[in-house]
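S.K.: Sequence first, then the predicted structure:
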2 protein chains.
Amino acid sequence: MTDLPVRLNAAVRQFNDHLGHLPERYAPNHPRLREAVNYALLGSGKRIRPLLCHAAARALGSTGDLWLQPALGLELIHTYSLVHDDLPAMDNDAWRRGRPTAHIAFDEATAILVGDALQALAFQVLTEADSQLSTSEQQLHWVRLLSSAAGGQGMVDGQAMDCAATGGHSSLEALETMHRNKTGALIRAAVAMGAWCSEQPPADTELQALDTYGAAIGLAFQVVDDVLDATSNTETLGKDAGSDAARDKVTYVTLLGIEPARHKAAQLEREALTALQALPGDTTLLAEIAHFIVARLR
Amino acid sequence: MTDLPVRLNAAVRQFNDHLGHLPERYAPNHPRLREAVNYALLGSGKRIRPLLCHAAARALGSTGDLWLQPALGLELIHTYSLVHDDLPAMDNDAWRRGRPTAHIAFDEATAILVGDALQALAFQVLTEADSQLSTSEQQLHWVRLLSSAAGGQGMVDGQAMDCAATGGHSSLEALETMHRNKTGALIRAAVAMGAWCSEQPPADTELQALDTYGAAIGLAFQVVDDVLDATSNTETLGKDAGSDAARDKVTYVTLLGIEPARHKAAQLEREALTALQALPGDTTLLAEIAHFIVARLR
């Protein structure tokens, strides 16, 4: 596993600290639900979406800690989606991030409710962000971006396509559409939400450059995942090895083969880096993330 | 079944018309998911929460159609909660509003995704409300109220308590706590969101009176449901008759008996009507709703 560059590592630690010290009003009342929510949230996630939000905020000149608020909303949505995706009726995965999945460690009803509570909390934290730091307009943009990315024209659409594709056949185009929504929508929301951390609203050209970057690394992330899924075992990956292949799922590896998939990931990294040239600010963190995602293959 | 008074009936028709003509950007891409979302949304719901939002808006002097926006968010959250509550791992109900539940009519994975998409959409519609009609502050208040009512200290907490109580024993106090969150939180959010439809922010005394009203009719609604559940059959109620009793669930009827439960409902109606006296505006619609809820028993 490639190590995170120093500044990104510091941001992950800052985010995890923030996540570990949420106000009491955000914890579920019910003891078992509270325990299960903490179990899902405080695992060893890579925190890619919070990092993207942080890096995009920095690229547009936002220097403070405001990025932590939209980053929290993003990670709450991402975590809920993992818990629901793992359910028996969905991907039926027993293993996630090196531990039993939530419905195994607790039970299925609790796992459904964990996801439901996390989704509501994601929007609650965005609109209860410190009003001394963020304006109403910023908070509304965050909710708009996150809710539209998470819904039936975004993440949930991709999940529905993924479920429907199990055991079936698919084209490269269909696979890309699925991933563009299943994981890509939230990744693009992450950079756009980071862009809305600045005092000045971001320019359209800046949002477009970030979106191109986000779309490229979102796909790169999937291609890399598919290659790792096909070449690793449970111990190194922390989830069921070859689980997608075992379910006859179409992946970049089954469609392209391993070596062409590696080439595609490298090409997507270059696309992402090219898009950053249109941004005026310090894009080194965004470049480091793109590199980190693809470097997992090396 | 008692008929809705004329003005409330007109509001239900206006709301259903609004719901039936949502913009295309709110429909899921995936055809099966889209069909299932429409199936869940366009059934014969009573639209109690939209009506409460409407009536509270009128009670504080809001005269236009702005109430339709928060009402939509409320009904989307309510509908998602029904779809998830009916799942096999939760209440395992096959029948709802006179039709097969979503996971029976479609499948379990689709039902999970329907709920997930509806929850995201609830927050999306609130922050995409016509900015000519509502301010950023109003939209943010709606999201705050709805997300905190829907989450782990509100509706989902009540659901977790309800799941844990199956087959167990409980006190009247525990039952009230469960219902205060499972259905009460969203009902109280409905009147508060209606109060935020006015151009002027509502006064604290007005919010308190509405909250007292909402808490009383929320409980009344449950007591009435329990009595109807114990005395009706599937045909008149549109869901599995005696399903809670069949699962050994504690209800107001099992704890109090049928007649004392009827008395409790009537007492809660009086409490709700008394709270309305503290409001300056036209509270006749709120009074009609309180009466309608309890009149189902007559």
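M.R.: Sure, I can see it. Residues are numbered from 1 along each chain as shown, chains lettered A, B, ... in the order given.
S.K.: From now on I want contacts and neighbour counts done on CA atoms only, so please keep to that.
M.R.: OK.
S.K.: what's near enough to touch A:A150?
M.R.: A:I77, A:V156, A:A185, A:L186, B:A117, B:A120 (Cα atoms under 8 Å, 6 or more residues apart in numbering or on different chains).
S.K.: Wait, the fourth one touches A:L146, no?
M.R.: Which is A:L186. Yes: using Cα atoms under 8 Å, A:L186 makes contact with A:L146 at a distance of 7.2 Å.
S.K.: could you give the angle of the helix or strand harbouring A:H141 to helix B:136-150?
M.R.: Here A:H141 is covered by helix A:136-150, with elements defined by DSSP states H and E. Angle between the axes of helix A:136-150 and helix B:136-150 is 50 degrees (criterion: axes from the mean of the first three to the mean of the last three Cα atoms, to 10 degrees).
S.K.: What residues of helix A:136-150 count as buried?
M.R.: Using 16 or more other Cα atoms under 10 Å in any protein chain shown as the test for burial, helix A:136-150 gives A:136, A:138-150.
S.K.: How is A:G64 assigned, secondary-structure-wise?
M.R.: Classification of A:G64 using DSSP: H, G, I helix; E, B strand; the rest coil returns coil.
S.K.: Which neighbours do A:L186 and A:L146 have in common?
M.R.: What both A:L186 and A:L146 touch, as defined by Cα under 8 Å, 6+ apart, is the set A:L74.
S.K.: Show me the shaky parts of the stretch 1-150 of chain A.
M.R.: A:1-2 (pLDDT under 70).
S.K.: which residues touch the residue nearest to A:C53 when sequence neighbours are not counted?
M.R.: Distances taken as Cα to Cα, 6 or more residues apart in numbering or on different chains put A:G194 closest to A:C53, at 4.2 Å, once the chain neighbours are dropped. The contact partners of A:G194, taken as Cα under 8 Å, 6+ apart, are A:L52, A:C53, A:H54, A:A55, A:A56, A:A57, A:W67, A:P70, A:A71.
S.K.: if you set the cut-off to 7 Å instead, what comes out?
M.R.: By Cα atoms under 7 Å, 6 or more residues apart in numbering or on different chains, the residues touching A:G194 are A:C53, A:H54, A:A56, A:A57, A:W67.
S.K.: picking that back up, show me which of the buried residues of helix A:136-150 is closest to B:V224.
M.R.: A:S147 (35.3 Å; Cα to Cα).
S.K.: my guess is the closest one meets B:A120, correct?
M.R.: Yes: using Cα atoms under 7 Å, A:S147 is in contact with B:A120, at 5.1 Å.
S.K.: For the stretch 1-150 of chain A, list the residues in contact with chain B, please.
M.R.: Within the stretch 1-150 of chain A, the positions adjacent to chain B are A:27-30, A:89-90, A:108-109, A:113, A:117, A:120-121, A:123-124, A:127, A:136-137, A:140, A:143-144, A:147-148, A:150 by Cα under 7 Å from any Cα of the partner chain.
S.K.: can you tell me which helix in chain A is longest?
M.R.: Longest helix of chain A, by residue count under DSSP state H: helix A:204-231.
S.K.: how about that helix: buried residues?
M.R.: A:206-207, A:209-230.
S.K.: re earlier: quick check, distance from the helix or strand harbouring the residue nearest to A:C53 to the centre of its chain.
M.R.: Using DSSP H and E, A:G194 sits in helix A:185-195. Distance, stretch centre to chain centre, for helix A:185-195: 9 Å (Cα atoms, centre = their mean, to the nearest Å).
S.K.: CA-only coordinates of that helix in CSV, if you can.
M.R.: Taking Å, rounded to 0.1, in the frame of the first residue of the first chain, the C-alpha atoms of helix A:185-195 are listed here in CSV:
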residue,chain,number,x,y,z
ALA,A,185,-21.4,11.4,-8.6
LEU,A,186,-20.3,11.7,-5.0
ILE,A,187,-16.6,12.2,-6.0
ARG,A,188,-17.6,15.1,-8.2
ALA,A,189,-19.8,16.5,-5.5
ALA,A,190,-16.8,16.3,-3.1
VAL,A,191,-14.7,18.7,-5.3
ALA,A,192,-17.7,21.0,-6.0
MET,A,193,-18.5,21.2,-2.3
GLY,A,194,-14.9,22.0,-1.6
ALA,A,195,-15.1,24.8,-4.2
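S.K.: A:P202: neighbour count?
M.R.: 15 (other Cα atoms under 10 Å in any protein chain shown).
S.K.: is it true that it touches A:W196?
M.R.: Yes: counting by Cα under 7 Å, A:P202 touches A:W196, with 6.5 Å between them.
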